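> Here is my input, please return the structure:
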Amino acid sequence: MIVALGASLAVLAVLFAVYNAPHLPQTYGVCELQGIGVKVMLPSDKKYNSTRLDTFAAQMGAKEYIYPRLSPSAIVFPRSEEDVIKVIKFAAECEYYVSVKSGGHGYTGSASCFGTKCIQIDMEKMDDIEINDGVAKVESGVRLHNLINSLIFHKIFIPHGMCKYVGVGGHFQSSANGFGAHSFGSGMDYVTSLRLVMANGTAVTLTRTGPDVALYKAVLGSSPGSWGVVIHYTFEAIRDEDFPHTKLIYRKFPYSKSLLRKALGQIDFIAKDQEQRGLRDLFVIADYGHFPHLFDFLPDIPLLGPLSKYFDFEKDLNVYVGVIGLWTGIDSGEMTQNWTDLYIKPFDELADLSFPDAFDLPAPLSIATSPAMTFDTLGETYRRHLASIHTDHWWSDEFLDILTEEFDRKTKIPDTLLTVQYFPRGHSSQWYRNSGMNGINWRDTRPFMDDWFMFKNDSLAAHYALSIDEFYAKNRKHWQYSDGTTRRTFMSPPTTIPDSSNLRDPRTAQHFFANASEFRALRVLKTAVDPKGMFASVGTIPCL
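Predicted coordinates for the structure are as follows:
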């Protein structure tokens, strides 16, 4: 008994000594990923799989196609510019490629790694917003809905897109295109400066008038993730008080083929009429197919977030035709009865609607532009394909008829959902007038359409992709540009075509950069600032 007690005390003494012994920091080899000095997640970690798949592209096509494309060697989570510099210096010394993710909204997985020795930098921890006297400093990890909430609180507006959970880091490199674009242009047009960590491990501030203006323009719009890690943007915002006539217009119709065609025709008329008059007052889109709940279109409640977090809405799998409009009065002031009769009354003649399916809501600009759409409340269990088409001339009535027939056909396919956004923008728009301010090269677009098709059966992904591509190929003459080319954008690269955003393929690059000399100039710049092509993921500009 005494012997056993003595042994136990001895064991306790050893454990006590070990517990109180000085802990030496664990050391790693120069190129061991754990030694970066920033929080690192490796493929062996428990949460790695869910983290690498926390991206919109995880639902693209078939799992067997997309999952290998979302396979970084490590995921790191910097909290400061200094952390980002540590990662870049490690990658340079140890010969890793780098990809950058802000919100994970890239449709083709361009913020991740595919089959290479590659580190993914996830900016989600860098999500500060500072707003002072109409100037906003916004870190790359901020989600769009949080930015919108902050702008509303300060009664200011920065043009932005229509998807709640996109991260601003990539959003303001790809388009920042949304409800305000007709009157105000892209959100990129309001970036006065940005902070960028480059491939050599140095951080620079780029401005629209500085010596590195070519790089400033390239970061904003040419190809997301090509040039370095954007730490933050500084914006000069638009004040609500300067636009007192802003109004949000909303109509949600039960679907019918004839109603859809009439709605498209009226939206087309509005865009053409605004262009003919040289005005930027009214922008109207059609969103037709399967809808999220109305509450998902509303701005989040400060501190609480989206209302859908607190209510379990029954999924509505009916098909609708939605008409969403924004009147800013930037050129014409108040939306008078004459304007209402010309532009809005034809929608009201299509069906007898009442609130909440129909309303005209006077609201401050920051609130009126805030409706944000998301698939998350409706199609989270579905796989997805996207076809996106646009051109520099207005589509003919014949093509609008053809589109209506095709979408009517797709509404009848079982176990599928669809949602289509049609947003025409003419050459009187501020989007067009701001051509040349940055790297966006599709300012001359008139009609633009995103065609989303969602399906339950993973094994049919290739079949649906082929069907979608065959339809658009058959009707290419209607939507190709005046010079005979077809174009793509980094806002909505198609998912039906393998490697549809891989700029290393010259044929693919031609879709994004029809101007060969412009693309070569970007490659020359890329070679100068990132000679080893460290920032190399799907869709980045390749070195020469």
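> Can you point out the buried residues in stretch 398-414?
Neighbour counts over stretch 398-414 (16 or more other CB atoms under 10 Å) mark Phe399, Leu400, Ile402, Leu403, Thr404, Glu406, Phe407, Asp408, Lys410, Thr411 as buried. For glycine as for every other residue, the C-beta is placed from the backbone atoms N, C-alpha and C.
> what's the neighbour count on the closest residue to the third one other than its chain neighbours?
By the measure of CB to CB, 6 or more residues apart in numbering, the closest residue to Ile402 outside its immediate chain neighbours is Asn475, 5.9 Å from it. Residue crowding around Asn475 was assessed by other CB atoms under 10 Å; the count is 16.
> roughly how far apart are Asn475 and Ala136?
To Ala136, Asn475 is 42 Å away according to CB to CB, to the nearest Å.
> got a pLDDT number for Pro306?
Looking at Pro306, its pLDDT is 65.
> do the same with the one 5 residues further on
Per-residue confidence at Phe311 stands at 64 (pLDDT).
> Over to Ala10?
On pLDDT, Ala10 comes in at 54.
> List the buried residues for the helix ranked longest in the chain?
Ranked by residue count and defined by DSSP state H, the top helix of the chain is helix 257-277. Within helix 257-277, the residues scored as buried using 16+ other CB under 10 Å are 259-264, 266-268, 270-271, 274-275.
> what packs against that helix?
Packing partners of helix 257-277 (3 or more CB pairs under 8 Å, 6 or more residues apart in numbering; DSSP states H and E): strand 282-290, strand 319-327, helix 337-343, helix 345-348, helix 397-410.
> Which among these is found nearest to Asn441?
strand 282-290 (21.3 Å; CB to CB).
> Helix, strand, or coil at Tyr250?
What DSSP: H, G, I helix; E, B strand; the rest coil gives for Tyr250 is strand.
> contacting residues around it?
Taking CB atoms under 8 Å, 6 or more residues apart in numbering, we find Tyr250 in contact with Phe297, Gly322, Val323, Ile324, Gly325, Ala358, Phe359, Asp360, Leu361.
> The host helix or strand of His385 to helix 397-410, inter-axis angle?
Taking DSSP states H and E as the criterion, His385 maps to strand 383-390. Angle, strand 383-390 to helix 397-410, by axes from the mean of the first three to the mean of the last three CA atoms, to 10 degrees: 170 degrees.
> So what touches strand 383-390?
The contact list for strand 383-390 (CB under 8 Å, 6+ apart) reads 59-63, 107, 375, 442, 445-456, 458, 461, 464-465, 468-469, 472, 479, 486-489, 491-496.
> switch the cut-off to 6 Å
Strand 383-390 has contacts (CB atoms under 6 Å, 6 or more residues apart in numbering) with 59-60, 107, 445, 448-455, 458, 461, 464-465, 468, 472, 479, 492, 494-496.
> Repeat that for stretch 223-238.
Contact partners of stretch 223-238, identified using CB under 6 Å, 6+ apart, comprise 81, 84, 100, 134, 136-140, 156-158, 169-170, 172-174, 190-198, 219, 490, 535, 537, 539-541.
> measure that stretch end to end?
End-to-end distance for stretch 223-238: 26 Å, by CA to CA, to the nearest Å.
> how would you label the nearest residue to Leu206 once chain neighbours are set aside: helix, strand or coil?
Once flanking residues are discounted, Leu206 sits nearest to Tyr216: 4.0 Å by CB to CB, 6+ apart. Assigned with three-state DSSP, Tyr216 falls in the helix class.
> Hmm, Ser370 is touching Ile148, no?
Yes. Contact criterion CB atoms under 6 Å: Ser370 and Ile148 qualify, at 5.0 Å.
> For those two, indicate the residue with more neighbours.
Set Ser370 next to Ile148 and count neighbours by other CB under 10 Å: Ser370 wins out with 26 against 22.
> Could you verify that Ser71 is part of a strand?
No. Looking at Ser71 with three-state DSSP, it is coil, so not inside a strand.
> mind listing the helices for the stretch 151-300 of the chain?
168-174, 181-184, 213-219, 257-277 (DSSP state H, counting those that start in this stretch).
> among those helices, which is nearest Val204?
Of all the helices of the stretch 151-300 of the chain, helix 213-219 sits nearest to Val204, with 8.1 Å by CB to CB.
> now the closest one: mean pLDDT?
For helix 213-219, mean pLDDT rounds to 98.
> Okay, buried residues for that helix please.
The neighbour-count criterion (16+ other CB under 10 Å) identifies Ala214, Leu215, Tyr216, Lys217, Ala218, Val219 as the buried residues of helix 213-219.
> sorry, back to before: relative to the whole chain's centre, how far out is the longest helix of the chain?
Centroid separation between helix 257-277 and its chain, computed with CA atoms, centre = their mean, to the nearest Å, is 26 Å.
> And stretch 388-403, by the same measure?
On CA atoms, centre = their mean, the centre of stretch 388-403 falls 24 Å from that of its chain.
> returning to what we had before: now the longest helix of the chain against helix 397-410, angle please.
Going by the same axes, to 10 degrees, helix 257-277 makes 140 degrees with helix 397-410.
> Give me the contacts around helix 257-277.
Outside helix 257-277, the residues that touch it by CB under 6 Å, 6+ apart are 253, 284, 286, 288, 321, 323, 343, 346, 350, 400, 404, 408, 424, 426-428.
> closest to Leu525 among the residues you listed?
When the contacts of helix 257-277 are ranked by distance to Leu525 (CB to CB), His427 comes first, at 28.6 Å.
> For the closest one, which residues are in contact?
By CB under 6 Å, 6+ apart, the contact set of His427 is Glu275.
> quick one: pLDDT of it?
His427 is assigned 97 on the pLDDT scale.
> Which positions within stretch 181-198 qualify as buried?
For stretch 181-198, burial by neighbour count (16+ other CB under 10 Å) applies to 181-191, 193-198.
> Stretch 129-143 now?
Using 16+ other CB under 10 Å as the test for burial, stretch 129-143 gives Ile129, Ile131, Ala136, Val138, Glu139, Ser140, Gly141, Val142, Arg143.
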